[in-house]
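Participant: Below: sequence and its predicted model.
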Amino acid sequence: MNMMLTSVTERTREIGLRKAIGAKRADINQQFLTEAIMLTFIGGTVGIFLGWLIALGVSHFANLATKVSLTSIILAFGVSALIGIIFGYYPARRAAKLNPIEALRYE
């Protein structure tokens, strides 16, 4: 969430400009929620790949049978998307509520 709040703060002028030329609250909300979900999907993908590599390493070096099931991969992506929505909602809402005039003045 902190990273998304920082993104909103750093892009205040951009948000103000988009709102000044006609972007609606829903457009701004959608932009930041999409970014949050994409970031968590990328993190989820990297996490699944690393988990799979670790499972392979454990299987090879410890002679233990490990398996990464399709169900666990789908669950990981689902949890990842849910986290993106939950932690992206507040920053997206905050960005959408910015006053365009004040946002354009922001330095």
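Facilitator: The structure has been received and is ready for your questions.

Participant: and the closest residue to Thr40 other than its chain neighbours, how many neighbours?
Facilitator: Nearest residue to Thr40, sequence neighbours excluded (CB to CB, 6 or more residues apart in numbering): Gly84, at 3.5 Å. C-beta here means a position set from N, CA and C on the backbone, and glycine is covered the same way. Using other CB atoms under 10 Å, Gly84 has 23 other residues around it.

Participant: Gly84 and Leu39 touch, don't they?
Facilitator: Yes. Shown here, Gly84 and Leu39 form a contact pair, counting by CB atoms under 8 Å, at 6.8 Å.

Participant: pLDDT weak spots in this structure?
Facilitator: The chain contains residues with pLDDT under 70 at 107.

Participant: before we move on, the earlier item: give me the three-state assignment for the residue nearest to Thr40.
Facilitator: helix (DSSP: H, G, I helix; E, B strand; the rest coil).

Participant: so who does it touch?
Facilitator: Leu33, Ala36, Ile37, Met38, Leu39, Thr40, Phe41 (CB atoms under 8 Å, 6 or more residues apart in numbering).

Participant: can you put the residues you listed in a markdown table and add neighbour count, distance to Gly22 and secondary structure?
Facilitator: Output for these, formatted as a markdown table (neighbours: other CB atoms under 10 Å; distance: CB to CB, whole Å; DSSP: H, G, I helix; E, B strand; the rest coil):
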| residue | neighbour count | distance to Gly22 | secondary structure |
| --- | --- | --- | --- |
| Leu33 | 20 | 20 | helix |
| Ala36 | 25 | 23 | helix |
| Ile37 | 18 | 24 | helix |
| Met38 | 13 | 24 | helix |
| Leu39 | 18 | 27 | helix |
| Thr40 | 22 | 29 | helix |
| Phe41 | 14 | 29 | helix |
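
Participant: Fine by me, we can end here.
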